[in-house]
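Peer 1: just the structure for this:
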Amino acid sequence: MSDNIDFNDLRKRAVSQPLVVDKYTADPSAHVFDGKIYIYPSHDIDAGIPFNDNGDHFGMRDYHAYTMESPDDKLATDLGKILDIDEVPWAKRQMWAPDIARKGDKYYFYFPAKDKNDIFKIGVAIGDSPSGPFTPDPKPIEGSYSIDPAVFNDNGKYYMYFGGLWGGQLQKYRNNIYSNGNELRSDDDFAFGPLVAELSDDMRGFSTSPEEIIIQDENGNPLLAGDKSRRYFEGPWVHKYNEKYYLSYSTGDTHFICYAIGDTPKGPFNYAGKILDPVVGWTTHHSICEFNGRWFLFYHDSSLSEGVTHLRCMKVVEIFYDKNGLIKKINPYS
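Peer 2: Presented below is the predicted three-dimensional model:
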């Protein structure tokens with residue numbers, strides 16, 4: 001794909017430019033703390049591993065935090081490394097997309113990594129500041145699995161959403177139990193949904209067992225696994241707008257960011273449309289953040305590396321809702 005792209009032209013047409021240019025950053029999780037934007041991306045490196053469908057070439061080993069005074073800033077400021085895989089006793093490799101939450105005067109940084117058995121689990125590290133340092137718990141969250149944790153605070157009740165197919169291993173689970181013999185569902189079966197669990201009072205565990213979220217079509221039926229331009233693949237994110245809950249996510253191999261709307265944080269959610277058309281690069285992963293009454297989509301593409309799939313750059317663009325609460329779709333290279 002990248003062999004046929006004029007990257008000078010693409011950069012001119014892009015609706016946004018990279019927020020970081022001295023490192024490769026992806027999967028940006030953006031939050032506002034005390035009037036400033038903080039962003040927690042994964043840190044892409046060239047691990048020297050060939051491309052495969054399990055994503056082994058995404059060999060990330062640490063996390064940096066970034067800040068911006070406003071989404072209109074040209075670049076984000078690097079606050080330095082906040083966590084390294086060598087500091088996490090249970091983790092072996094592949095520190096993928098993280099998220100963070102604040103409760104009281106503590107910050108809880110959630111991250112996936114493969115354990116010593118090459119099974120993805122989700123860990124938590126705790127700090128006194130959004131810029132770290134963060135101290136990881138010695139073990140992953142009990143009952144956690146797969147990838148892409150995203151935490152949503154609904155009036156003091158905290159929910160974690162997670163799960164990703166293929167290399168994210170979600171297809172290996174049924175009713176929260178792993179079996180290597182489990183595979184993807186057939187195209188005419190119900191699509192996998194993300195998982196949701198309520199977090200315990202100390203934010204270091206689950207108080208409920210993970211439940212699969214149902215995303216419904218226009219007729220109220222669950223989306224099918226074969227509906228690849230709409231069904232869930234990875235990268236869940238939840239925000240609230242006009243008293244409705246918006247679940248946004250990546251469709252993976254069809255490269256869209258889509259969303260669905262529900263009346264409760266656990267769903268069910270009704271499919272509502274696409275937020276972002278495909279970007280340069282294989283993956284799409286995002287977050288949505290409100291700042292001073294405006295809403296912004298943080299996402300990534302591979303334009304900085306001129307199309308190298310696993311070397312990405314995070315970006316931001318403003319999003320808009322129509323009078324019915326639907327998000328207007330964005331072409332990243334209009």
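
Peer 1: could you pull up the residues touching the nearest residue to His286 once chain neighbours are set aside?
Peer 2: Spatial nearest neighbour of His286, excluding adjacent residues (CB to CB, 6 or more residues apart in numbering): Tyr299 at 4.3 Å. Heads up, the C-betas are built off the backbone N, CA and C, glycines and all. Contacts here follow CB atoms under 8 Å, 6 or more residues apart in numbering; on that basis Tyr299 touches 28, 257, 276, 279, 284-286, 314-317, 332.

Peer 1: check Pro265 too.
Peer 2: Neighbours of Pro265 in contact, by CB under 8 Å, 6+ apart: 152, 154, 157, 159, 196, 238, 245.

Peer 1: mind doing that once more with 10 Å?
Peer 2: Contacts for Pro265 (CB atoms under 10 Å, 6 or more residues apart in numbering) come out as 152-155, 157-159, 161, 196, 198, 213, 238, 240, 245, 247.

Peer 1: so which of those wins on neighbours?
Peer 2: Leu247 (30 neighbours; other CB atoms under 10 Å).

Peer 1: assign a three-state SS to Ser42, would you?
Peer 2: What DSSP: H, G, I helix; E, B strand; the rest coil gives for Ser42 is strand.

Peer 1: for it, give the beta-bridge partners.
Peer 2: Beta-bridge partners for Ser42, by DSSP bridges, are Ala26.

Peer 1: what about it, neighbour count?
Peer 2: Ser42: 27 neighbours (other CB under 10 Å).

Peer 1: need the contact list for Pro236.
Peer 2: If you count contacts by CB under 10 Å, 6+ apart, Pro236 has them with 99, 148-150, 152, 160-164, 193-196, 213, 247-250.

Peer 1: in strands, which of the residues you listed fall?
Peer 2: 99, 150, 152, 160-162, 195-196, 247-250 (DSSP state E).

Peer 1: got TSV for those residues, with pLDDT and distance to Asp73 too?
Peer 2: Formatted as TSV, the ones in strands among the contacts of Pro236 follow (pLDDT from 0 to 100; distance: CB to CB, whole Å):
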residue	pLDDT	distance to Asp73
Asp99	99	22
Ala150	98	24
Phe152	98	25
Met160	99	29
Tyr161	99	28
Phe162	99	30
Leu195	98	34
Val196	98	33
Leu247	99	28
Ser248	98	23
Tyr249	98	27
Ser250	98	25
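
Peer 1: just the closest of these to Ile5, please.
Peer 2: Ser250 (21.0 Å; CB to CB).

Peer 1: verify the stated contact: that closest one with Ser229.
Peer 2: No. Checked against CB atoms under 10 Å, the pair Ser250 and Ser229 is beyond contact range at 11.7 Å.

Peer 1: those two: who's more crowded?
Peer 2: Higher neighbour count among Ser250 and Ser229: Ser250, with 26 against 11, using other CB under 10 Å.

Peer 1: buried ones in stretch 216-230?
Peer 2: 216, 222-225, 227-228, 230 (16 or more other CB atoms under 10 Å).

Peer 1: in strands, which of these fall?
Peer 2: Within the buried residues of stretch 216-230, membership in strands is found for Gln216, as judged by DSSP E.

Peer 1: quick check: the farthest pair among the buried residues of stretch 216-230?
Peer 2: Gln216 and Lys228 (16.7 Å).

Peer 1: touching both of Ser250 and Ser229, which residues are there?
Peer 2: Shared contacts of Ser250 and Ser229, defined by CB under 10 Å, 6+ apart, comprise 256, 258.

Peer 1: ok, back up a step: is it possible to get TSV of the contacts of Tyr299 that adds distance to Asp62, pLDDT and secondary structure?
Peer 2: Listed next are the contacts of Tyr299 as TSV, based on distance: CB to CB, whole Å; pLDDT from 0 to 100; DSSP: H, G, I helix; E, B strand; the rest coil:
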residue	distance to Asp62	pLDDT	secondary structure
Pro28	16	98	strand
Ile257	26	98	strand
Leu276	27	98	strand
Val279	24	97	coil
Thr284	23	91	coil
His285	18	96	coil
His286	21	98	coil
Met314	16	98	strand
Lys315	21	98	strand
Val316	22	98	strand
Val317	27	98	strand
Pro332	27	98	coil
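
Peer 1: what's the ChimeraX line that selects buried ones from the residues you listed?
Peer 2: This is how ChimeraX selects the buried members of the contacts of Tyr299, with burial counted by 16+ other CB under 10 Å:
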select :28,257,276,279,284,285,286,314,315,316,332
